[in-house]
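Peer 1: Here is the input, now give the coordinates:
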Amino acid sequence: MNFQLRHFLFLFCFLPAVLSAQKDYKVGSIGFYNLENLFDTIDSPTTNDADFLPNGRLLWNTEKYISKMANMSKVISQLAVELTPDGVAILGVAEVENRKVLEDLVAQPDLKARNYQIVHFDSPDERGIDCGLLYQPKYFQVLGSRAVPVVLTDPKTGVSDFTRDILYVAGLFDGEPIHVMVGHWPSRRGGESGSAWMRAAAAAVCRQVSDSLRTVNPDAKIIVMGDLNDDPTDKSLTKVLGAKGKADDVTNEEFYNPMYDMFKGGNGTMAYRDAWSLFDQVVVSKALVNKKVSGWQLYKAMVYRQPWLLQTEGAFRGYPFRTYVGDIFINGYSDHLPVYLFFLKK
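Peer 2: Numbering: from 1, shown residues only. Reported below is the predicted structural model:
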């Protein structure tokens, strides 16, 4: 039985029970989406955004920008609405050029009524792409935030460089303390094995922040999400971050990765050379899968896969329907599919 059929049967069997239990339980959702090069059309002298200018290689202009905004807002507006009409309460995003593009995004007709607010810091990425957090203030109250640097020191040369920061946000999710980290870990440019140490460095930063939080509160509710450029089975997740695929095996110092079994079952969020990877992940600390701890508990992880989010023809048929193929504008969405988690609370 394939993954999509199993997923359908699961929802068919259990969704009515969850819906009928909503009188006793609150339902909340937190997600992540790589927006694939959400650039404006204005030249930034401090970053390498030359491709995304009206006279650049991709001929990026106002018409394309407006279409991209409409496409992104359409996807975001539909995430998690099967169980919560307001959709995702919190959404981490990656590959955004600046705060202004996020302001334009949350002002789109599909999203405006939700009143999404923004947490964003400029990162030292050479291309100028950052992470951000969108949240609905009626569900989530920000208490503090900061950008946590990831310094990459080459183990062979000792030369240091910076990559995209980890965005850390602390807040109250329906009055309950929660800590969120949004990352876009270093890519596999130069090969998976040759670049693995970079993603391990990013994972180590997330682990260090988490360990500090757990020192204060062993039952801290922590979420690490992002485009991690590694699969759930890779060492940056399993060894460095300490994210396991079985909730019962997780200690207070580790994480549970609900995407582990999804990946092993053939699900993914991006495709390359006819193989699916699940780089986009949301992992949770022990307290979010420990029934002895009150408050929010993880219910279900989802990859948002709809037929209209996939290409229907050509060499990349079945791949995520993206904005460009090479230099050709095809007016799609993103080369990644979004992911989200449902949480239940009495």
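
Peer 1: before we move on, what SS does residue 211 have?
Peer 2: Under the three-state scheme (DSSP: H, G, I helix; E, B strand; the rest coil), residue 211 adopts helix.

Peer 1: residue contacts, the nearest residue to it once chain neighbours are set aside?
Peer 2: Of all residues not flanking residue 211 in the chain, residue 253 sits nearest, at 7.2 Å (C-beta to C-beta, 6 or more residues apart in numbering). C-beta here means a position set from N, CA and C on the backbone, and glycine is covered the same way. Residues counted as contacts of residue 253 (C-beta atoms under 8 Å, 6 or more residues apart in numbering) are 211, 214, 242.

Peer 1: Let me know the closest of those to residue 44.
Peer 2: residue 211 (35.6 Å; C-beta to C-beta).

Peer 1: For the closest one, give its distance to residue 178.
Peer 2: Separation of residue 211 from residue 178 (C-beta to C-beta, to the nearest Å): 17 Å.

Peer 1: what do you get for residue 278?
Peer 2: 23 Å.

Peer 1: my read: residue 166 touches residue 150, true?
Peer 2: Yes. Counting by C-beta atoms under 8 Å, residue 166 touches residue 150, with 6.2 Å between them.

Peer 1: any residues in contact with both of these two?
Peer 2: What both residue 166 and residue 150 touch, as defined by C-beta under 8 Å, 6+ apart, is the set 202, 205.

Peer 1: Compute the number of surrounding residues for residue 153.
Peer 2: By the criterion of other C-beta atoms under 10 Å, residue 153 has 12 neighbours.

Peer 1: Now it: closest residue in space that isn't a chain neighbour?
Peer 2: residue 160 (4.6 Å).

Peer 1: Can you report phi and psi for that neighbour?
Peer 2: phi -110, psi 150 (degrees, to the nearest 10).

Peer 1: Test my guess that it contacts residue 151.
Peer 2: Yes. Here residue 160 reaches residue 151: they are 5.6 Å apart, a contact under C-beta under 8 Å.

Peer 1: contacting residues for residue 69?
Peer 2: 104-105, 108.

Peer 1: any idea how far residue 102 is from it?
Peer 2: Counting by C-beta to C-beta, the gap from residue 69 to residue 102 is 10 Å.

Peer 1: Would you mind listing the residues in contact with residue 310?
Peer 2: 318-321.

Peer 1: Of the residues you listed, grab the buried ones for ChimeraX.
Peer 2: This is how ChimeraX selects the buried members of the contacts of residue 310, with burial counted by 16 or more other C-beta atoms under 10 Å:
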select :319,320,321
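
Peer 1: Make JSON lines out of the contacts of residue 310 and add secondary structure, pLDDT and distance to residue 76.
Peer 2: What follows is those, written out as JSON lines (DSSP: H, G, I helix; E, B strand; the rest coil; pLDDT from 0 to 100; distance: C-beta to C-beta, whole Å):
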{"residue": "318", "secondary structure": "coil", "pLDDT": "94", "distance to residue 76": "23"}
{"residue": "319", "secondary structure": "coil", "pLDDT": "96", "distance to residue 76": "20"}
{"residue": "320", "secondary structure": "strand", "pLDDT": "97", "distance to residue 76": "15"}
{"residue": "321", "secondary structure": "coil", "pLDDT": "97", "distance to residue 76": "15"}
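
Peer 1: And the helix or strand harbouring residue 206, what does it pack against?
Peer 2: Applying DSSP states H and E as the criterion places residue 206 in helix 192-216. Other helices and strands packing on helix 192-216, by 3 or more C-beta pairs under 8 Å, 6 or more residues apart in numbering; DSSP states H and E, are strand 151-153, strand 166-173, strand 176-184, strand 222-227.

Peer 1: To residue 86, which of those lies closest?
Peer 2: Using C-beta to C-beta, these put strand 166-173 closest to residue 86, at 13.5 Å.

Peer 1: which residues are in contact with that closest one?
Peer 2: Applying C-beta under 8 Å, 6+ apart, the set of residues contacting strand 166-173 is 28, 30, 89-90, 92, 119-121, 130-133, 135, 139-148, 150, 177-183, 202, 205-206, 209, 296.

Peer 1: Given it, what are its sheet partners and their directions?
Peer 2: Take DSSP bridges as the rule and strand 166-173 pairs in its sheet with strand 140-148 (antiparallel), strand 176-184 (antiparallel).

Peer 1: Present these as a markdown table; the columns should include mean neighbour count.
Peer 2: Formatted as a markdown table, the strands paired with strand 166-173 follow (neighbours: other C-beta atoms under 10 Å):
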| stretch | mean neighbour count |
| --- | --- |
| strand 140-148 | 15 |
| strand 176-184 | 23 |
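
Peer 1: Now render these as a markdown table, adding mean pLDDT and distance to residue 225.
Peer 2: A markdown table is the format used below for the strands paired with strand 166-173 (pLDDT from 0 to 100; distance: least, C-beta to C-beta, whole Å):
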| stretch | mean pLDDT | distance to residue 225 |
| --- | --- | --- |
| strand 140-148 | 98 | 14 |
| strand 176-184 | 98 | 6 |
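
Peer 1: Dump those to a markdown table, plus distance to residue 301.
Peer 2: Formatted as a markdown table, the strands paired with strand 166-173 follow (distance: least, C-beta to C-beta, whole Å):
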| stretch | distance to residue 301 |
| --- | --- |
| strand 140-148 | 19 |
| strand 176-184 | 16 |
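
Peer 1: Quick check: residue 110 touching residue 75?
Peer 2: No. The pair residue 110 / residue 75 is not scored as a contact, 9.0 Å apart, by C-beta under 8 Å.

Peer 1: if we can go back for a sec, the contacts of residue 69 in helices, which ones?
Peer 2: Assignment to helices by DSSP state H places the following of the contacts of residue 69 there: 104-105.
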